[in-house]
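Q: how does the following fold in three dimensions:
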Amino acid sequence: MTTTETAKILTILKAAYPNFYKDMTRNDANLIVELWTEMFADEPYQLVAVATKALIASSSNPFPPVIGEIKEQIQKLSTPKGELSEQEAWNIVFSKLSNCIYNSQAQFETLPPIIRQVVGSPSQLREWAMMDSSQVQTVVASNFMRSYKARAASYREYMKLPSDVREFVAKLGSKMSMNQLEERKEQITNDSLA
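A: Numbering: from 1, shown residues only. This next block holds a predicted model:
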């Protein structure tokens, strides 16, 4: 969203919540426009406008929605209705298990990316395939669904971040991974010399 588009959104909020904005200075308004422009830089104007109006229409709160509420509304509006529930994700995994003793790699690769992250590896599928089915349908299913729910929520929160923050987090994560690998390599070298 551009600065001009952001100003339009804030004008809508000012019209809907006049008491909240009545004592705002020009400098305060400029700072708010600058912040909102940065936070919604990756979002199309129309989507932010629709999300803002939806929140205005559905909230009885006397205060205008904050950035996080609008981001959440945007996500609700733009998330495909076909997002998997925990049970649906588990059903996909469970349906693959019958072919995982010898074909765990191929079955793992057919899973959606978020489910692959929760499962972890083809060997995990193979392990579950070799377990007693009652244990798989109770203990493993429960643990998987809890992990899937947490991972999906974490992903939704991550996607609310502005793209520059996501890039920073990704760089930080890859740097940490490289540092951890270097530390592990050093530890193995020291252990082998001892």
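
Q: hmm, who's touching the helix or strand hosting Ser123?
A: Here Ser123 sits within helix 122-130, counting by DSSP states H and E. Residues from elsewhere that reach helix 122-130, judged by CB atoms under 8 Å, 6 or more residues apart in numbering: 93, 96-101, 104-105, 107-109, 119, 136, 140. Using the backbone N, CA and C atoms, a C-beta is placed for each residue, glycine as well.

Q: redo that, cut-off 10 Å
A: Applying CB atoms under 10 Å, 6 or more residues apart in numbering, the external contacts of helix 122-130 come out as 93-94, 96-109, 111, 116, 118-119, 121, 135-136, 140-141, 144.

Q: rounded mean pLDDT for that helix, please.
A: Averaged over helix 122-130, pLDDT sits at 95.

Q: could you list the buried residues of that helix?
A: Using 16 or more other CB atoms under 10 Å as the test for burial, helix 122-130 gives 122, 124-126, 128-129.

Q: what residues of stretch 108-127 count as buried?
A: Neighbour-count burial for stretch 108-127 flags 108, 111, 114-116, 118-119, 122, 124-126 (criterion: 16+ other CB under 10 Å).

Q: what does stretch 138-148 give?
A: Using 16+ other CB under 10 Å as the test for burial, stretch 138-148 gives 140-141, 144-145, 147-148.

Q: hang on, the earlier thing: in helices only, show me the contacts of helix 122-130.
A: Secondary structure from DSSP state H places 93-94, 96-97, 100-109, 116, 118-119, 135, 141, 144 of these in helices.

Q: what ranges of this structure fall below the confidence cut-off?
A: In the predicted model, the chain carries pLDDT under 70 at residues 79-82, 174-194.

Q: Phe63 contacts Ile56, correct?
A: No: taking CB atoms under 10 Å as the definition, Phe63 is not a contact partner of Ile56, at 11.3 Å.

Q: sorry, back to before: now tabulate the buried residues of helix 122-130 in JSON lines and tack on distance to Ile9.
A: Shown next, in JSON lines, are those (distance: CB to CB, whole Å):
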{"residue": "Pro122", "distance to Ile9": "47"}
{"residue": "Gln124", "distance to Ile9": "46"}
{"residue": "Leu125", "distance to Ile9": "46"}
{"residue": "Arg126", "distance to Ile9": "51"}
{"residue": "Trp128", "distance to Ile9": "48"}
{"residue": "Ala129", "distance to Ile9": "52"}
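
Q: which one of those residues is nearest to Leu13?
A: Nearest to Leu13 out of these is Gln124 (CB to CB; 48.0 Å).

Q: can you tell me how far the closest one sits from Cys100?
A: Using CB to CB, to the nearest Å, we find Gln124 at a distance of 9 Å from Cys100.

Q: anything in contact with each of the two?
A: Between them, Gln124 and Cys100 share the contacting residues 93, 108, judged by CB under 10 Å, 6+ apart.
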